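**Student:** Structure for the following, please:
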Amino acid sequence: MNIEFDYSEIRKSINPHFYPLLKCKNRYLVLKGGGGSGKSHFVAQKFLIRTMLAIESRTKLRPLLVRKTQPSLRESVFQLMTDYIDLWGLTSLVDINKTEMKMSFEGGTIIRCHGLDERNKIKSIEGITDVWIEECIPEIEEDDFIFLDMYMRGKSKTYQQMVLGFNPISSLHWIHKKFFEKKMPDSYVDESTYKDNRFLSDRSCKVYEDLINQDENYYRIYALGEWGQLQHTVYSNYEYTDEWPEQYDERIYGLDFGYNNPTAMVEIRFKDKVPYERELLYRSKMTNTDLISWLASAGTDNDFIYCDCAEPNRIEEIGAAGYNVIPADKSVKDGIDYCKRQRPKVLRSSSNWKKEIVSYVYKKDKDGNIIDEPVKHLDHLMDARRYAYYTHSKRTDPGFFILK
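**Tutor:** Reported below is the predicted structural model:
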């Protein structure tokens, strides 16, 4: 059966800035951009358009979509792909396996999503033709890139391409050296900002514009899309680990509510007076009903969940569902000071945690002096962990282990 698509309506959903990149065939397409530029949406669009062209020409592609960890993929890249499949009316042409995050299209193209914490599974995939690496900075290390480049060797009747998308958080990152200082052969670099996204609301645009009043470096990175030099970070008192204690003395949680912004939750386990910490939830568009349903499968038992006290109705509803939710003490300065006295071991797979911690910096005043107040941006997990550590430290109930 011959299938032909009408691309006229699809074109309307693509930002004009990115439209020429549909024809880019370089092996490496590097998308450096500020916040809200629409670069991730474009990559999803390009991969689907290439899939549609493959269906029309009766060829096959084997794209691989990756982030550092499998869970972070589900709420970002996989969700974005399935959203566009639905929006563009392609559902009748694809079988979506939500468990494996695999999209099998008519004609033989298969798009897979895998975290780099599953390297052995990636090695077993035959004929990878294309790769999309999302959140390259700060998640992806150079050896991850080399590994993926080595396995992108499938035969293609069109071209092979690796797409790397990121915010330019630090010019010290290996991506800057490889693609901007040395200019790797067969690469094309595109730079974009929120101004290139015609679908961004005025309210969202103002968020980026207002960063100039909070932190010059944040403004440079997320509004202007320029390379940053992150300094005066709030926290440096942590280390990453691959070990997660199954046996522990106590367990607590911190929860920061969101909707358009992510709902974020951390889990902290104390073992021999050492806190172990991991990102447990980082998801947008969650209603309270969604959150309660998620908690039912999260295994929080009757442990304390310290929540944003600015949402008393949400706390009351979650409590009525049987969870031990406690309004947090939201004192920022005192909470940060307490968190600085901890030395947590953070599970290495906590990808959004890693992105937030390196971006969590102090503001500067108009004279360039650092002030004792963090920039209010990309801080959802940072708030959640502060709620947990600080509020729990103030409990005086006998029998509770309190880290001093």
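**Student:** right, and residue 199 touches residue 38 too?
**Tutor:** Yes: counting by CB atoms under 8 Å, residue 38 is a contact partner of residue 199 at 6.7 Å. All C-beta spots, glycine's among them, are computed from the backbone N, C-alpha and C.
**Student:** and for the two, which residues touch both?
**Tutor:** With contacts taken as CB atoms under 8 Å, 6 or more residues apart in numbering, residue 199 and residue 38 have residue 15 as neighbours in common.
**Student:** more neighbours, those two?
**Tutor:** With neighbours defined as other CB atoms under 10 Å, residue 199 and residue 38 compare such that residue 38 has more, 22 against 11.
**Student:** Check that one and give its pLDDT.
**Tutor:** Looking at residue 38, its pLDDT is 97.
**Student:** Could you check how far it is from residue 177?
**Tutor:** According to CB to CB, to the nearest Å, residue 38 and residue 177 sit 26 Å apart.
**Student:** Repeat that for residue 202.
**Tutor:** Going from residue 202 to residue 177 by CB to CB gives 37 Å.
**Student:** got a list of what residue 136 touches?
**Tutor:** By CB under 8 Å, 6+ apart, residue 136 lies in contact with 145, 164, 165, 166, 175.
**Student:** next one: residue 298
**Tutor:** By CB under 8 Å, 6+ apart, the contact set of residue 298 is 280, 281.
**Student:** From residue 76, how far off is it?
**Tutor:** In this view, residue 298 and residue 76 are 19 Å apart by CB to CB.
**Student:** Which one of residue 202 and residue 177 is surrounded by more residues?
**Tutor:** In this view residue 202 and residue 177 are compared by other CB under 10 Å, and residue 177 has more residues nearby, 13 against 6.
**Student:** Tell me the confidence at residue 294?
**Tutor:** Residue 294 is given a pLDDT of 96.
**Student:** Just the buried residues of the strand or helix carrying it, please?
**Tutor:** Assigned by DSSP states H and E, residue 294 belongs to helix 288-298. With burial defined by 16 or more other CB atoms under 10 Å, the residues of helix 288-298 counted as buried are 288, 291, 292, 295, 298.
**Student:** Now the second one: closest residue in space that isn't a chain neighbour?
**Tutor:** In space, residue 291 comes closest to residue 263 once its chain neighbours are excluded; the distance is 6.2 Å by CB to CB, 6 or more residues apart in numbering.
**Student:** is it true that the one you found touches residue 255?
**Tutor:** Yes: applying CB under 8 Å, one finds residue 263 in contact with residue 255, separated by 7.5 Å.
**Student:** More neighbours: the two, which one.
**Tutor:** Taking neighbours as other CB under 10 Å, residue 263 and residue 255 compare with residue 255 leading, 31 against 24.
**Student:** Excluding covalently adjacent residues, which one is nearest to the spatially most central residue of the chain?
**Tutor:** Central residue of the chain (CA atoms, centre = their mean): residue 352, 5.1 Å from the mean position. Of all residues not flanking residue 352 in the chain, residue 282 sits nearest, at 4.3 Å (CB to CB, 6+ apart).
**Student:** did I read that right, the one you found in a strand?
**Tutor:** Yes: assessed with DSSP: H, G, I helix; E, B strand; the rest coil, residue 282 lies in a strand.
**Student:** Report pLDDT for it.
**Tutor:** Here the pLDDT value assigned to residue 282 is 96.
**Student:** And residue 204, by the same measure?
**Tutor:** On pLDDT, residue 204 comes in at 94.
**Student:** my guess is it meets residue 210, correct?
**Tutor:** No: here residue 204 does not reach residue 210: they are 10.9 Å apart, not a contact under CB under 8 Å.
**Student:** any idea which element the residue nearest to residue 108 when sequence neighbours are not counted lies in?
**Tutor:** Excluding the flanking residues, the one nearest residue 108 by CB to CB, 6+ apart is residue 60, at 3.9 Å. Secondary structure assignment for residue 60, by DSSP H and E: no helix or strand.
**Student:** For the residue nearest to residue 291, which residues are in contact?
**Tutor:** With contact taken as CB under 8 Å, 6+ apart, residue 263 is in contact with 255, 256, 257, 281, 282, 283, 284, 286, 291, 380.
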